[in-house]
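J.: Any chance you can model this:
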Amino acid sequence: MRHDRAMDVSETLLPGVGIRYEFETSNHQRVGVIVYREGNSEIVTYAKDDPDACTTLLEFDEHEGETIAEILGAPRFTKKLADLTREIPGLHSEPIRLPSTSPYVGKTLGQTHCRTLTGASIVAVVRGEEVITSPPPDQLLLANDVLVAIGTASGVRKVHALLEASDVS
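T.: Okay, here's the model as predicted:
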């Protein structure tokens with residue numbers, strides 16, 4: 001079933017803990033998703049008569065949470081990561097689309113030497129609806145993949161430049 005109404009999702013930064021997302025379902029049930037800095041997460045519901053009382057419905061470790069996110073359409077992953085980086089001064093994240101003209105199309109992530117050359121890391125590759133978190137060095141890169149870079153603002157700018165370079169040295 002498709003719903004054409006926009007969901008009003010509130011985001012609350014929990015310093016030192018992570019981020020809490022809350023929304024109300026079409027049945028007027030308040031639901032929360034807490035994403036912890038360590039990677040684990042939980043889904044909670046709130047009591048209708050006491051908005052501060054909640055019950056944990058499900059708890060996920062990092063791998064389970066990533067699997068659920070992929071199943072549910074994980075392009076929000078990049079937004080969550082950007083929100084989490086606000087918690088740490090000087091840390092910046094950005095999704096970078098790999099242009100078809102990049103010399104790294106058809107090469108592996110390790111062949112970019114991204115971390116060594118820029119000081120920033122690629123923490124995910126988004127390919128259509130698929131999200132590959134913590135991609136290994138042998139991860140093949142394809143045109144129009146979205147690489148999620150994290151590092152200093154300067155490092156992320158260097159990732160842009162590296163991926164768009166006209167030749168590979």
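J.: Please report how far F60 lies from V44.
T.: 12 Å (CB to CB, to the nearest Å). Just so you know, the C-beta spots here come from the backbone N, C-alpha and C atoms, and that holds for glycine as well.
J.: So G65, which state does it fall into?
T.: Here G65 is recorded as helix under DSSP: H, G, I helix; E, B strand; the rest coil.
J.: ugh, typo on my part, it should be A149
T.: Per three-state DSSP, A149 ends up strand.
J.: quick one: it and S93 touch, right?
T.: Yes. Counting by CB atoms under 8 Å, S93 is a contact partner of A149 at 6.6 Å.
J.: between those two, what contacts are shared?
T.: Each of V123, V156 lies in contact with both A149 and S93 under the rule CB atoms under 8 Å, 6 or more residues apart in numbering.
J.: Run a quick neighbour tally on the nearest residue to A47 once chain neighbours are set aside.
T.: Closest residue in space to A47, ignoring its immediate chain neighbours: A53 at 4.1 Å, by CB to CB, 6 or more residues apart in numbering. For A53, the tally of surrounding residues (other CB atoms under 10 Å) stands at 11.
J.: who's more crowded, A149 and S93?
T.: Using other CB under 10 Å, the more surrounded residue of A149 and S93 is A149, with 26 against 22.
J.: Next one: the more buried one relative to K158, how far apart?
T.: 9 Å.
J.: Overlap of the contact sets of the two?
T.: With CB under 8 Å, 6+ apart, A149 and K158 have common neighbours A120.
J.: Identify the residues contacting R97.
T.: Per CB under 8 Å, 6+ apart, neighbours of R97: N144, D145, V146, L147.
J.: how about 7 Å then?
T.: Listed by CB atoms under 7 Å, 6 or more residues apart in numbering, the contact partners of R97 are N144, V146.
J.: Then G119?
T.: Contacts for G119 were tallied using CB under 7 Å, 6+ apart; they are G151, T152, G155.
J.: Output the residues you listed in TSV; the columns should cover neighbour count and distance to T133.
T.: Below are the contacts of G119 laid out as TSV (neighbours: other CB atoms under 10 Å; distance: CB to CB, whole Å):
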residue	neighbour count	distance to T133
G151	24	17
T152	14	21
G155	19	19
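J.: Name the nearest of those relative to N40.
T.: When the contacts of G119 are compared for distance to N40 (CB to CB), G151 comes out closest, at 23.6 Å.
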